[in-house]
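Colleague: Fold the following for me, if possible:
(one chain, ligands or ions: 1)
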Amino acid sequence: MPRTHAALPRLHVEPDLGVDLDLTLGKEQSLYLAAVLRKSVGDEVVLFNGRHGAWLARLTSNSKKSVVVHLVEQIAPQTPPSDLWYCFAPLKTERLDYVIQKATEMGAGRIQPVITKYTQVNRLKHDRLVANAIEAAEQCEVLSVPEVMPETTLDKLLDGWNPERKLVLADESAPSSSPIDVLSGLRGKPVAIMVGPEGGFSDEERSKLLALPYTIPISLGPRILRADTASVAALAVIQATIGDWR
Ligand code: SAH
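Modeller: Numbers count the residues shown, from 1 in each chain. Next comes the predicted model:
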């Protein structure tokens with residue numbers, strides 16, 4: 001997608017976007033534009049809401065409490081939301097922020113925290129995860145923010161699983177091999193990636209997962225990757241093989 005208006009700040013907003021609409025931004029975004037970026041009346045920003053594409057907007061007021069912008073024109077059409085699910089065992093704070101941002105940058109459409117036996121974290125701050133996804137979407141110019149689901153357990157996730165969706169299991173115990181051929185066979189099918197916690201999947205969890213008809217185990221090479229590294233590696237091979245990098 002051509003990178004137009006790359007230098008302009010990009011902000012995710014909730015309201016509808018349309019030509020000649022005026023929008024009053026919230027306190028946080030107003031402070032960011034007026035005080036941090038020191039934007040003036042007439043300066044331009046890019047807004048997106050995940051439904052109406054990207055819009056060029058011009059400041060008509062730069063009050064630190066409530067910046068007002070006037071929508072000028074749509075500069076990018078809305079892209080369809082991604083159907084790629086990223087299921088993962090949540091990690092501790094900074095690394096959790098990291099994987100939410102990387103999953104967003106790598107084009108996940110749904111982010112699903114899954115509590116497994118060796119997961120080190122049980123209570124998640126959902127708002128923080130959403131804020132990380134929004135921040136990553138603003139920075140990497142995606143036009144829709146991935147849906148961040150409330151955490152669930154592996155058993156509950158599998159109980160409600162639609163067998164049409166293939167579950168690509170990043171299996172650290174799989175013999176080292178390239179996942180490209182296996183993944184290529186999934187083209188056109190709904191897909192989820194599942195990455196385990198720092199402690200890996202328990203033997204019981206792995207056997208249960210491998211016994212499911214929709215599970216596709218993949219190796220991510222001969223080295224044991226940290227869970228956050230494995231997340232980016234798995235999302236990259238999927239996007240490069242059957243995803244939106246093509
Ligand atoms: N502590 C475990 C490894 C866990 S790594 C051990 O030493 O065996 C965390 C997660 O990253 C794993 O559950 C798996 O989902 C993924 N992962 C790491 N390395 C991998 C590899 N080489 N192939 C496939 N998945 C891998």
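
Colleague: which bits of the protein sit near the ligand?
Modeller: 170-172, 174, 195-196, 198-201, 219-221, 223-225, 227, 230 (Cβ under 6 Å from any ligand atom). For glycine as for every other residue, the C-beta is placed from the backbone atoms N, C-alpha and C.

Colleague: What about the residues you listed, which are in helices?
Modeller: Per DSSP state H, helices hold the following members of the residues of the chain next to the ligand: 227, 230.

Colleague: State which one residue of the chain is found closest to the ligand.
Modeller: When scored by Cβ to the nearest ligand atom, the chain has residue 196 as its residue closest to the ligand, at 2.3 Å.

Colleague: so who does that residue touch?
Modeller: The contact partners of residue 196, taken as Cβ atoms under 8 Å, 6 or more residues apart in numbering, are 89, 116, 118, 170, 172, 205, 227.

Colleague: quick revisit: which of the residues of the chain next to the ligand are buried? Put it as a ChimeraX command.
Modeller: Of the residues of the chain next to the ligand, the buried ones can be selected in ChimeraX as follows, counting by 16 or more other Cβ atoms under 10 Å:
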select :170,171,172,195,196,200,201,219,220,225,227,230
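
Colleague: was I right about residue 243 contacting residue 85?
Modeller: No - using Cβ atoms under 8 Å, residue 243 is not in contact with residue 85; the gap is 12.0 Å.

Colleague: In terms of neighbours, single out the busier of the two.
Modeller: Between residue 243 and residue 85, residue 85 has the larger neighbour count (other Cβ atoms under 10 Å), namely 23 against 20.

Colleague: The more buried one bridge partners, please.
Modeller: Counting by DSSP bridges, residue 85 is bridged to residue 110, residue 192.

Colleague: sorry, back to before: now, which of the contacts of residue 196 sits nearest residue 34?
Modeller: Closest approach to residue 34 among these (Cβ to Cβ): residue 227, at 39.4 Å.

Colleague: Now residue 45. Its backbone dihedrals?
Modeller: Taking degrees, to the nearest 10, you get phi -140, psi 170 for the backbone angles of residue 45.

Colleague: ok, it touching residue 10?
Modeller: Yes - with contact defined as Cβ under 8 Å, residue 45 reaches residue 10; the gap is 7.4 Å.

Colleague: who's more crowded, the two?
Modeller: With neighbours defined as other Cβ under 10 Å, residue 45 and residue 10 compare such that residue 45 has more, 21 against 18.

Colleague: Excluding sequence neighbours, find me the nearest residue to that one.
Modeller: residue 9 (4.9 Å; Cβ to Cβ, 6 or more residues apart in numbering).

Colleague: okay, now the one you found: neighbour count?
Modeller: Residue 9 - counted by other Cβ under 10 Å - has 17 other residues nearby.

Colleague: Please report how far it lies from residue 144.
Modeller: 18 Å (Cβ to Cβ, to the nearest Å).

Colleague: Ok, residue 128 next?
Modeller: Distance of residue 128 to residue 144, computed by Cβ to Cβ: 20 Å.
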